[in-house]
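K.L.:
What follows is a predicted protein model with its sequence.
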Amino acid sequence: MRTRPMQGLSTTAIHAGHPGPNADGAVVQPIYQASTFLDAGHANYHDVPYIRLNNTPNQRALATTLAALEGGEAALVSASGMAAISTTLLTVLQAGDHLLAQRRLYGGAHSLLAHELPRHGITVGWIDPDAPESWAAALRPNTRALYTESITNPLVRVADLPALASFARAHGLVSMIDNTVATPVHFRPIAHGFDLVVHSATKYLNGHNDLVAGAVIGTAALVEQVRRRQNHLGASLDPHACFLLQRGLKTLTLRMRQHSSSALAVAQFLAEHPRVERVHYPGLTGHPDHARAQALLRGGCSGLLCFEVAGGLRAAERVLRQVTLPAVAASLGGAESLITLPATTSHASLTAEERAEAGVTDNLLRMSVGLEDPQDLIADLSAALAEA
Ligand code: PLP
């Protein structure tokens, strides 16, 4: 196959990893719905062509596309975002090791770090991303890795990410970042010094609210270690989901542009609304990380935002009952807008104090701004807030 160097991210999303020529001249790679393949002679167990061993055609094509999009040497797809995160952490850490993690993580990652890793003999120390002068004091002789998120979920905070990557490098730690919300369209962590990028590909990478998947991108050596661990832990992605994810990726740049510009329009509308006490969106000048987001994020701040409704929990619940376009449902990053009340859903298991510490107030609504016309979303929110 003739190849030319890839340049733009849209071209990369469509052509990188495209194996061609496909059977019968198919322009896109078909789904190889086969668990196993003819044995062509292999050097070791990990090369046996088998879906669980993460080396079949749809998995390989997707890995090539994802590596190119994030600017990494290699990539791996997994059965969910949590599978990507847990398998990667269990690869870079072992019993007796210590992990440093930024506070304010996605709830699932927070629970994994706080409750599961200790069961494997791994301890976790939490650092305040806004206080770099305090990071060194959190180091221990057994600290091996650092974990962060590029745009946090739910409060869309943006830490000094290059400083976190350099801190990790200076102290010999493997730096890991969840780039789910920003996506490589808005932020490419490897170019800023991170070793490993993880994704819930369920969200923007796929973009259609119709599958669950994860991804890990980084150096060839680290990704191969993660692949071998995943081969044993078994969290592989099936070929049909690979096909859908590959298809979703082709429109990633277009979708992110629209998610970001619509979210900014919705955030600006909400910021002016008398029934809204506070809006959390890094594209707004009032957000605590606005200046940093402007410096680090390219072409927008993604499609996730939160807002606090005047009138407390009851008023927030009334907004949920009144909206007609956003679905009241968990998750984010798809064409359909979604809205949730974290206090009674994702953060319901926390005490009121823990929720307050996480910034999750009772009247906080999280919205994943989808690909509907932004004026329709604004009209719908306007009508719902009038009834709240
Ligand atoms: N990372 C972030 C930022 C998320 O929002 C989520 C899910 O909401 C995950 C990881 C976990 O992804 P999954 O649900 O695909 O396991």
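P.N.:
That came through, no problem.
K.L.:
and Asp178, how many neighbours?
P.N.:
Using other C-beta atoms under 10 Å, Asp178 has 25 neighbouring residues. Every C-beta, even on glycine, is put in place using the N, C-alpha and C of the backbone.
K.L.:
Please apply the same query to Ala352.
P.N.:
Ala352, neighbours per other C-beta under 10 Å, totals 11.
K.L.:
how about Gln268, phi and psi?
P.N.:
phi -70, psi -40 (degrees, to the nearest 10).
K.L.:
Quick one, grab the pLDDT at the closest residue in space to it that isn't next to it in sequence.
P.N.:
Of all residues not flanking Gln268 in the chain, Leu284 sits nearest, at 7.1 Å (C-beta to C-beta, 6 or more residues apart in numbering). At Leu284, the pLDDT value in this model is 98.
K.L.:
next one: His232
P.N.:
So His232 comes in at 98 (pLDDT).
K.L.:
Which residues of the stretch 51-200 of the chain lie near the ligand?
P.N.:
Ser80, Gly81, Met82, Tyr106, Gly108, Ala109, Glu149, Asn153, Asp178, Thr180, Val181, Ser200 (C-beta under 6 Å from any ligand atom).
K.L.:
same check, this time on the stretch 251-388 of the chain
P.N.:
So the stretch 251-388 of the chain meets the ligand at Ser331 (C-beta under 6 Å from any ligand atom).
K.L.:
Any stretches of the stretch 251-388 of the chain with poor pLDDT?
P.N.:
350 (pLDDT under 70).
K.L.:
Now do the strands in it.
P.N.:
Here the stretch 251-388 of the chain has its strands, by DSSP state E, counting those that start in this stretch, at 276-280, 304-309, 327-328, 338-340, 364-368.
K.L.:
quick one: the second one to strand 364-368, angle?
P.N.:
Translated: strand 304-309. 150 degrees (axes from the mean of the first three to the mean of the last three C-alpha atoms, to 10 degrees).
K.L.:
Across the sheet, point out what pairs with Val309.
P.N.:
Beta-bridge pairing for Val309 (DSSP bridges): Val276.
K.L.:
Can you give me the neighbour number for it?
P.N.:
Applying other C-beta under 10 Å, I find that Val309 has 28 neighbouring residues.
K.L.:
what does Thr36 give?
P.N.:
12.
K.L.:
these two touch, right, it and Asn55?
P.N.:
No: with contacts counted by C-beta atoms under 8 Å, Thr36 stays clear of Asn55, the gap being 11.2 Å.
K.L.:
between those two, what contacts are shared?
P.N.:
Residues touching both Thr36 and Asn55 (C-beta atoms under 8 Å, 6 or more residues apart in numbering): Pro49.
K.L.:
Please tell me how far Pro189 sits from Met176.
P.N.:
9 Å (C-beta to C-beta, to the nearest Å).
K.L.:
What is the neighbour count of Ile85?
P.N.:
26.
K.L.:
wait, what's in contact with the closest residue to the ligand within the stretch 151-300 of the chain?
P.N.:
Here the stretch 151-300 of the chain gets closest to the ligand at one residue, Ser200, 3.0 Å apart by C-beta to the nearest ligand atom. Ser200 makes contact with Ser80, Gly81, Met82, Ala84, Asp178, Thr180, Ala213, Gly214, Gly333, according to C-beta under 8 Å, 6+ apart.
K.L.:
just checking, which of the residues you listed belong to strands?
P.N.:
Asp178, Gly214 (DSSP state E).
K.L.:
residues in contact with the residue nearest to Gln268?
P.N.:
Leu264, Ala267, Gln268, Ala271, His290.
K.L.:
can you put the residues you listed in TSV and add neighbour count?
P.N.:
Listed next are the contacts of Leu284 as TSV, based on neighbours: other C-beta atoms under 10 Å:
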residue	neighbour count
Leu264	20
Ala267	25
Gln268	15
Ala271	16
His290	16
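K.L.:
got the contact list for Ile51?
P.N.:
Ser35, Thr36, Gln59, Ser236, Asp238, Pro239.
K.L.:
thought the fourth one was touching Leu62?
P.N.:
No: in terms of C-beta under 8 Å, Ser236 does not count as a neighbour of Leu62; the distance is 11.7 Å.
K.L.:
The two: who's more crowded?
P.N.:
More crowded of Ser236 and Leu62, by other C-beta under 10 Å: Leu62, with 27 against 24.
K.L.:
you'd agree that one is in a strand?
P.N.:
No: assignment of Leu62 by DSSP: H, G, I helix; E, B strand; the rest coil gives helix, placing it outside any strand.
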